[in-house]
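Student: coords please:
(one chain, ligands or ions: 2)
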Amino acid sequence: MISVDAAETIILNAAQPLGLEVEQVPLHRAIGGLLAKSVESVLDFPHWDNSAMDGYAVRYADVANACEDNPIELEVITEIPAGSIPQGSIRSGQAARILTGSMLPEGTDTVVMQEWTTRSGDRLHINQSPPQSGHFVRHQGSFYRSGEPLLRSGLRIGGPEIAVLAAAQCLMVPVFKKLRVGVLSTGDELVLPDQVLQPGQIVDSNQIALLALLSQAGFEAIALGSVKDDRTSLKQAMEDGIDRCDVVISSGGVSVGDYDYVEELLDELGGEVLIRSIAIKPGKPLTFATFPEEKLYFGLPGNPVSALVTFWRFVLPALRKRSGQTSPWSPLFVTAITHQPLKSDGKRENYLWGTILGSGDDLQFCPAMGSGSSGNLVNLAGSTGLAVIPVGRTMVEAGDRISVMLVAGSP
Ligand code: AMP
Ligand code: MG
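Tutor: Numbering: from 1, shown residues only. Ligands and ions are numbered 1, 2, ... in the order given. Next up is the predicted model:
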């Protein structure tokens, strides 16, 4: 049995970036993709000096001494709505009505927000001086200079990245082909969600959940089905999965039970088994192997919570790295104060699921109500974090600080 940190190191060392093929996809289909080349723009951002406020474009020197008792009077000679090109130049003693995003007219260097002014016809009084020249002006190129990298290769494309690509008029986006990840379930007791349950049977929830998490995280999720606890069929299914996919994730069949064949079959199929068990709870029997052509195999425990916890803790970081995503690959950990006492056996790094409340430096962890059994997938629903109790610690008192791994919505 090796530690969680040692296991993570072994897995991330084996999961080198694959150098997947690059394809061009239209911008509207790029969400979730992995940027395969750095993107540059011929445009500066902002494209021109513009106003950050609704107000008046002025010459700073004219208004530097303005105050409530000594308002400065200016003449408004023009108005510049967003999208229009300013005509003429503003001279000393003059101002231009300007709206947020409008181009700054020639001769001006500062914007005075509307709230600091009073106006009557074309007469404008500035009642407060801006703190410095350039106030409320968004200068050309101050966000980004043309020719520099705008978005770097290896970035996962989410909503903000789509916005940047659209603003840069990047219509076709270079993305890596998706990593092919197969999901296989093992167990005589498993049935599909739409089948009638007989006594002793349960739904193969792991397969559905893992496929969904993989798609959500931007991978090509391949359903490899569910196989009975039969050596020959399992071997065939594993071999087929390794053949077809870059990474295979199976669940079940990795414990010490009579029908737990996964580990020995990995040996038989020519895999190099690098991890046979990890000092983690839940998830101790996690098995990890590599195959020729740098293929990876994760044998997750069957218990639904164990399968998901080990997926989040070990599999997802490896898939991120393998697909070419830039680091950090590992989950995010925050410090929170636990609402209730947390117990552990002290022998394994213990991950307890629950929700994180609060914000900033004042985060609290509330363990899920009900059974903390690794077979209880019901109260895992709604969890947003896993409190981590290190090896050697048996008790965390209510009010103590604890490290919590973020899980929900963190692709
Ligand atoms: P195993 O690791 O095969 O010994 O399975 C441990 C527990 O997890 C057993 O109670 C199984 O019924 C359950 N289990 C195994 N595979 C799945 C699955 N795909 N979906 C839901 N539960 C499973
Ligand atoms: Mg089983």
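Student: Excluding covalently adjacent residues, which one is nearest to the closest residue to ligand 1 within the stretch 201-350 of the chain?
Tutor: Ligand 1 sits closest to Gly302 of the stretch 201-350 of the chain, with a gap of 2.5 Å, by C-beta to the nearest ligand atom. C-beta coordinates here come from the backbone N, C-alpha and C atoms, glycine included. What sits nearest to Gly302 in space, not counting adjacent residues and going by C-beta to C-beta, 6 or more residues apart in numbering, is Gly252, at 3.2 Å.
Student: Next up, the contacts around the one you found.
Tutor: Ser185, Thr186, Gly187, Leu190, Asn206, Val262, Leu300, Pro301, Gly302 (C-beta atoms under 8 Å, 6 or more residues apart in numbering).
Student: Repeat that for Pro174.
Tutor: Val22, Glu23, Gln24, Leu35, Ala36, Lys37, Val39.
Student: What separation is there between it and Gly324?
Tutor: 12 Å (C-beta to C-beta, to the nearest Å).
Student: any common contacting residues for these two?
Tutor: With C-beta under 8 Å, 6+ apart, Pro174 and Gly324 have common neighbours Ala36.
Student: if we can go back for a sec, may I ask which two of the contacts of Pro174 are separated the most?
Tutor: Glu23 and Val39 (15.0 Å; C-beta to C-beta).
Student: With neighbour numbers in mind, choose between these two.
Tutor: Neighbour totals were compared for Glu23 and Val39, and Val39 leads with 19 against 14 (other C-beta atoms under 10 Å).
Student: How about the more buried one, nearest residue that isn't a chain neighbour?
Tutor: Nearest to Val39 is Leu151, by C-beta to C-beta, 6+ apart, at 4.6 Å.
Student: surely that neighbour meets Leu165?
Tutor: Yes: counting by C-beta atoms under 8 Å, Leu151 touches Leu165, with 7.0 Å between them.
Student: Can you pull the residues that touch both of these two?
Tutor: Val39.
Student: so which of the contacts of Pro174 is the most crowded?
Tutor: Leu35 (24 neighbours).
Student: Looking at the stretch 1-150 of the chain, which residue is nearest ligand 2?
Tutor: Met1 (20.4 Å; C-beta to the ion).
Student: Which pLDDT does the model give the residue of the stretch 301-411 of the chain found nearest ligand 2?
Tutor: Of all residues in the stretch 301-411 of the chain, Gly302 sits closest to ligand 2, at 4.9 Å by C-beta to the ion. Per-residue confidence (pLDDT) for Gly302: 96.
Student: Who are the contact partners of it?
Tutor: Applying C-beta under 8 Å, 6+ apart, the residues contacting Gly302 are Thr186, Gly187, Asn206, Ser251, Gly252, Gly253, Val254, Ser255.
Student: shouldn't the fourth one be in contact with Asn206?
Tutor: Meaning Ser251. Yes: between Ser251 and Asn206 there is a contact under C-beta under 8 Å: 4.2 Å.
Student: Identify the contacts common to the two.
Tutor: With C-beta under 8 Å, 6+ apart as the test, Ser251 and Asn206 both reach Val183, Ser185, Leu300, Gly302, Ala307.
Student: farthest pair in these?
Tutor: Longest span within the shared contacts of Ser251 and Asn206, C-beta to C-beta: Val183 and Gly302, 12.9 Å.
Student: hey, what's in contact with both of these two?
Tutor: Common neighbours of Val183 and Gly302 (C-beta under 8 Å, 6+ apart) are Asn206, Ser251.
Student: mind listing what Ala212 touches?
Tutor: Ala221.
Student: Would you mind naming what in the stretch 151-300 of the chain lies close to ligand 2?
Tutor: Gly187, Gly252, Gly253 (C-beta under 5 Å from the ion).
Student: any idea which of the residues you listed is closest to Ala381?
Tutor: Ala381 lies nearest to Gly252 out of these, by C-beta to C-beta, at 20.7 Å.
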